[in-house]
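Asker: What shape does this take:
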Amino acid sequence: MKVLSPRVVWLAIRELGLRAILEYGWYRIELRSGLLRRRTRPSRWEERPLRTWLREQTRGERVLPQRERFLFRPAAELSAELADLPAGTARKSEEEANEILAGRWQLFGGPPIQLGFPPDWGRPPLADNNPKIIPLNRHWTQYELNGEVDYRTLWEPARFGWCFGLGRAYRLTGETRYRDGFFTLLDSWLAANPPNLGPHWASGQEVALRILALIFGYFVFGPLAPEREEQILVAIAAHADRIPATLGYARAQRNNHLLSEAVGLYSAGLLFAEFDNAHRWKALGRRWLVYALEDQVFEDGGYIQHSTNYQRLALAAGLWAARLAKLHDEPLPLASLQALARMTQFLNALADPRNGRVPNLGHNDGSNLLPLSSCEAADYRPLLQAASLALLGLPAFENGPWDELALWLGIPVSRSKAGVVRPSVNDYPEAGIYLLHSEHSRGVLRCAQFVSRPSHSDQLHLDLWWHGHNLARDPGSYRYTGELGPALAAARAHNGVLVDGREPMDRAGRFLWLGWSSARFLARTQEGPMEALAAEHTVSGVTHRRSVVHTGDDLWVVIDELLGQGFHHGQVIWTLPDWEWELDVRELALEGEPGRVVLMIEPDQASLGLYRAGKRLAGEAMIQRAEQFGWWSPTYGTKEAALSLVIRIQGELPARLATWWRLGSEGLAGLALAYTQDQLAF
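Answerer: So this is what the prediction gives:
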């Protein structure tokens, strides 16, 4: 057992809060003492038929929830609405469903891989050198989730995302083979995973996400034969029964675990009132759903986890619950709906309207809770269109294939040329996000005053986008196990400055940073076509001040200053797309689809090195562990080659380094920038 130092204990109490520490500590006591094992006893599916889950007065009757009170309209109406989507929607839906039936799975929205139909539910996909099959016959408390096994990859097929893909194809085409495929997979999973046995029952969040998929399957493939209806209802009941035992752990995490588990409980209790525990599940779920939304969403719309992917998961879960609550005449409180609206506006501000992509900030485990459109997984437009229509009253985008999710959620989609909702706010101080815009390019600066657990160590990281292409990019997460994933989460992998090779925060666990560092936003100013902002971050007595300036679409300048005393060195890294390149003494030229990009580095004394896929391509060798550079991860478990430009300056402070970005033209020369008394001047 690892012994924690007094400093780590003190930082954890100070930064996470005593309540969270005590709730997590009690969970560990329940886990080790066997209390959780006794409270979640294993059973075989046949030991608890449907009648044992029902209220006494309804036993012997069929459970028939009112189908008109679910999200989407009856089959004929829904099919007509789906038929009105852009041409090719049905074809793409069939292609995706056919891939599933062929045993090829798009895990985390990545490229399809062969897993089989059905897959082996105990074999972790994407295992590099560990094809070990995980036994599924032990109680869920007996699995060490923080060990070497990447359970996130094992859990992905068991989130039942295939239910949405097969359900879409079934409703769009009417072909029964998609319904048959759903039941083939469901039969296989249930046979391999009796209640509370195996790692698929270890996470309350995974259990809750399966509830939503099972509910969707119940309605999209219905009406069902009595034996099939009973099978799904028993599965929903067993899953809902598992969640309350570990809600304390979810509360201690104070993140999307609590929110998604609450939505799962609320949905099961609301839709299936005949269950004996339905009232309890519904009340418990609604209580913690309302609490989570009001606790976890910042006033500016940012999310407590500092992760765009997890914010999408939270918004999707909250929108699902809000729609169900409204349809059942018990709408969520105004404060909860306002929290969801703020999240929507924040993500709208980050999403590129050309392709729906957002900066890859924070943890990205590839979660896409409601994959109900033909858009790629990285496209946030389906969720943002549905959420904007439901919560803001106007669409976020013109009509397109991203309208489909709204239809599945029963949200009317107008075909008129009504105006769209485009955010006008650029400063999100609680989320730690500051935006700069021009017509075809934009910058996103991280500058956070942390009041909740940081996701990545990414202070003063800069994302730069041009014509929808992510030029300066966040390297992503890759995996939560191994070496590369944790390396990508560190400051040295982000587009910032590392002073003297020191990480500004302490890595205390797979998902835990302590000794939170805070940055300070200094100023924003505009003069004619030029706009700039500045922020700073102090580590061990050295202040890194970053100023970002743009003059329209052609020229961006990033000025990094190290302020303090003594001899120090600073390392700047830019993670770039894997384009054709040419490195001169102080210039890196890139050639890609939108055009030519040139990075010019000042001063002359700066040292440059260029890396790709873990190897140095050109320039000086300045870093250790080169195998960790030259990568980026668009989604969980996927790594792709990128270019990493590493720049180093050293000397007596103060020191200054400038990166000039010329986009598509020669840009401008001779720009001077001064910072005095909280004012930026050109």
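Asker: could you say which helix or strand contains the closest residue to residue 90 other than its chain neighbours?
Answerer: Closest residue in space to residue 90, ignoring its immediate chain neighbours: residue 172 at 4.5 Å, by Cβ to Cβ, 6 or more residues apart in numbering. (Glycine included, C-beta is placed from N, CA and C.) Following DSSP states H and E, one finds residue 172 within helix 161-173.
Asker: In terms of secondary structure, what does that helix contact?
Answerer: Applying 3 or more Cβ pairs under 8 Å, 6 or more residues apart in numbering; DSSP states H and E, we find helix 161-173 packed against helix 75-83, helix 89-101, helix 176-192, helix 204-220.
Asker: mind listing what's buried in the helix or strand that the last one is followed by?
Answerer: What that stands for is helix 204-220. Using DSSP H and E, the helix or strand that follows helix 204-220 in sequence is helix 226-242. Within helix 226-242, the residues that count as buried by 16 or more other Cβ atoms under 10 Å are 228-242.
Asker: Over to stretch 326-346?
Answerer: Buried positions in stretch 326-346, judged by neighbour count with 16+ other Cβ under 10 Å: 327, 332, 336-346.
Asker: what's the answer for stretch 134-147, then?
Answerer: Of the residues in stretch 134-147, those buried (16+ other Cβ under 10 Å) are 134, 136, 139-141, 143.
Asker: and those residues as a markdown table, adding pLDDT, distance to residue 280 and secondary structure?
Answerer: Formatted as a markdown table, the buried residues of stretch 134-147 follow (pLDDT from 0 to 100; distance: Cβ to Cβ, whole Å; DSSP: H, G, I helix; E, B strand; the rest coil):
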| residue | pLDDT | distance to residue 280 | secondary structure |
| --- | --- | --- | --- |
| 134 | 93 | 32 | coil |
| 136 | 97 | 29 | coil |
| 139 | 98 | 24 | strand |
| 140 | 98 | 22 | helix |
| 141 | 97 | 23 | helix |
| 143 | 95 | 27 | coil |
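Asker: of the residues you listed, closest to residue 179?
Answerer: Taking Cβ to Cβ as the measure, residue 179 lies nearest residue 136 of those, at 26.0 Å.
Asker: The closest one: what's it in contact with?
Answerer: With contact taken as Cβ atoms under 8 Å, 6 or more residues apart in numbering, residue 136 is in contact with 121-122, 192-193, 197-200.
Asker: How about residue 616?
Answerer: Each residue near residue 616 by Cβ under 8 Å, 6+ apart is listed here: 609-610, 626.
Asker: Scan those and report the most crowded one.
Answerer: When neighbours are counted by other Cβ atoms under 10 Å, residue 609 leads those with 21 neighbours.
Asker: roughly how far apart are it and residue 198?
Answerer: Applying Cβ to Cβ, to the nearest Å, the value for residue 609 to residue 198 is 47 Å.
Asker: What distance do you get for the closest residue to residue 503 other than its chain neighbours to residue 539?
Answerer: Excluding the flanking residues, the one nearest residue 503 by Cβ to Cβ, 6+ apart is residue 491, at 5.4 Å. Using Cβ to Cβ, residue 491 is found at 9 Å from residue 539.
Asker: Which residues are in contact with each of the two?
Answerer: Residues touching both residue 491 and residue 539 by Cβ under 8 Å, 6+ apart: residue 504.
Asker: And the two? Which one has more around it.
Answerer: Using other Cβ under 10 Å as the criterion, residue 491 and residue 539 rank with residue 491 on top: 24 against 18.
Asker: Model confidence for that one, exactly?
Answerer: If you check residue 491, the pLDDT there is 95.
Asker: just checking, it touches residue 446?
Answerer: No. The criterion here is Cβ atoms under 8 Å, and residue 491 misses it with residue 446 at 10.8 Å.
Asker: any residues in contact with both of these two?
Answerer: Residues touching both residue 491 and residue 446 (Cβ under 8 Å, 6+ apart): 458-459.
Asker: now the residue nearest to residue 503: how far from residue 544?
Answerer: The value you get for residue 491 to residue 544, if Cβ to Cβ is used, is 10 Å.
Asker: In the stretch 351-500 of the chain, what residue spans correspond to helices?
Answerer: Per DSSP state H, counting those that start in this stretch, the stretch 351-500 of the chain carries helices over the ranges 381-387, 404-408, 484-489.
Asker: Extract the CA atoms of the first one and return them as CSV.
Answerer: By that I understand helix 381-387. Presented in CSV, the C-alpha positions along helix 381-387 are these (Å, rounded to 0.1, in the frame of the first residue of the first chain):
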residue,chain,number,x,y,z
ARG,A,381,-22.7,20.2,-33.9
PRO,A,382,-25.3,17.4,-33.4
LEU,A,383,-25.4,18.0,-29.6
LEU,A,384,-25.0,21.8,-29.8
GLN,A,385,-27.8,22.1,-32.4
ALA,A,386,-30.2,20.0,-30.2
ALA,A,387,-29.2,21.8,-27.0
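Asker: Just confirm residue 581 is within a strand.
Answerer: Yes. Under DSSP: H, G, I helix; E, B strand; the rest coil, residue 581 falls within a strand.
Asker: On the three-state scheme, the closest residue to it other than its chain neighbours is what?
Answerer: Spatial nearest neighbour of residue 581, excluding adjacent residues (Cβ to Cβ, 6+ apart): residue 590 at 5.5 Å. Following three-state DSSP, residue 590 is assigned to strand.
Asker: So residue 590 is in contact with residue 580, correct?
Answerer: Yes. With contact defined as Cβ under 8 Å, residue 590 counts as touching residue 580 (6.9 Å).
Asker: more neighbours, these two?
Answerer: More neighbours surround residue 590 than the other of residue 590 and residue 580, with 19 against 9 (other Cβ under 10 Å).
Asker: State the distance from that one to residue 477.
Answerer: Remark: distance between residue 590 and residue 477 (Cβ to Cβ) = 24 Å.
Asker: same deal with residue 435?
Answerer: Here residue 435 is placed at a distance of 23 Å from residue 477 (Cβ to Cβ).
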